[in-house]
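Undergrad: can you look at this prediction? I've put the sequence above it.
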Amino acid sequence: MNDTKNITKTEEKNIENLRRLAVVAPPVDIFENEDELLLVTDLPGVDTKNLNVSLDSDVLMLEGRRELEPEICRSRTEFCSIEYKRSFTMPRGIDQDKIKADLKNGVLRLHLPKAAELKPRQIAISGD
């Protein structure tokens, strides 16, 4: 019998190494008062260049990526590159032109002001 095996070196196979990042939904606290909704999100290690916040119709999308520099020699890794994704369906009446966001020390604060028609009003009462 002639058992010929064709063994190819790994370099010759031209296998592309696709490293997928773990996708995590970041924790979010939501606060509401008369004037706005406030979302506070923990995004440790994310900077503004790797952060995207968008509002399309009534869907708010938060996307961020924490990328660590590769090290030559790692004997143990517990803190790795990661991708954050979270979406919310927003109530109608958010004033999209006045939305503000700031990122400090890995905490995103997203201010979503309510439109005037959603804010509570005090009605004047006339009488004697």
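TA: That came through fine.
Undergrad: Leu39: neighbour count?
TA: Leu39 has 21 neighbours, counted by other CB atoms under 10 Å. In this view, the C-beta of every residue, glycine as well, is placed from N, C-alpha and C.
Undergrad: right, and it touches Ile30 too?
TA: Yes. Assessed by CB atoms under 8 Å, Leu39 is found in contact with Ile30 at 5.5 Å.
Undergrad: just the CA trace of the helix or strand hosting Arg109, in PDB.
TA: In the assignment (DSSP states H and E), Arg109 maps to strand 107-113. Below are the C-alpha coordinates for strand 107-113, written out as PDB (Å, rounded to 0.1, in the frame of the first residue of the first chain):
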ATOM      1  CA  VAL A 107     -18.400  56.400  32.900                       C
ATOM      2  CA  LEU A 108     -20.700  57.700  30.200                       C
ATOM      3  CA  ARG A 109     -23.400  60.100  31.300                       C
ATOM      4  CA  LEU A 110     -26.000  60.600  28.600                       C
ATOM      5  CA  HIS A 111     -28.500  63.500  29.100                       C
ATOM      6  CA  LEU A 112     -31.800  63.100  27.200                       C
ATOM      7  CA  PRO A 113     -33.900  66.200  27.700                       C
END
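Undergrad: parallel or antiparallel, which strands does that strand pair with?
TA: With DSSP bridges as the test, strand 107-113 is paired with strand 36-42 (antiparallel), strand 100-104 (antiparallel).
Undergrad: determine how far the last one lies from the middle of the whole chain.
TA: On the basis of CA atoms, centre = their mean, to the nearest Å, the separation between the geometric centre of strand 100-104 and that of its chain is 12 Å.
Undergrad: then the first one?
TA: Averaging C-alpha coordinates over strand 36-42 and over its chain gives two centres that are 12 Å apart (CA atoms, centre = their mean).
Undergrad: and the next element down the chain from it?
TA: Following strand 36-42 in sequence, per DSSP H and E, is strand 51-56.
Undergrad: which residues touch that following strand?
TA: 43, 60-64, 90, 94, 96, 99, 101, 103, 108, 110 (CB atoms under 8 Å, 6 or more residues apart in numbering).
Undergrad: for Leu108, name its beta-bridge partners.
TA: Assessed by DSSP bridges, Leu108 has beta-bridge partners Thr41, Leu103.
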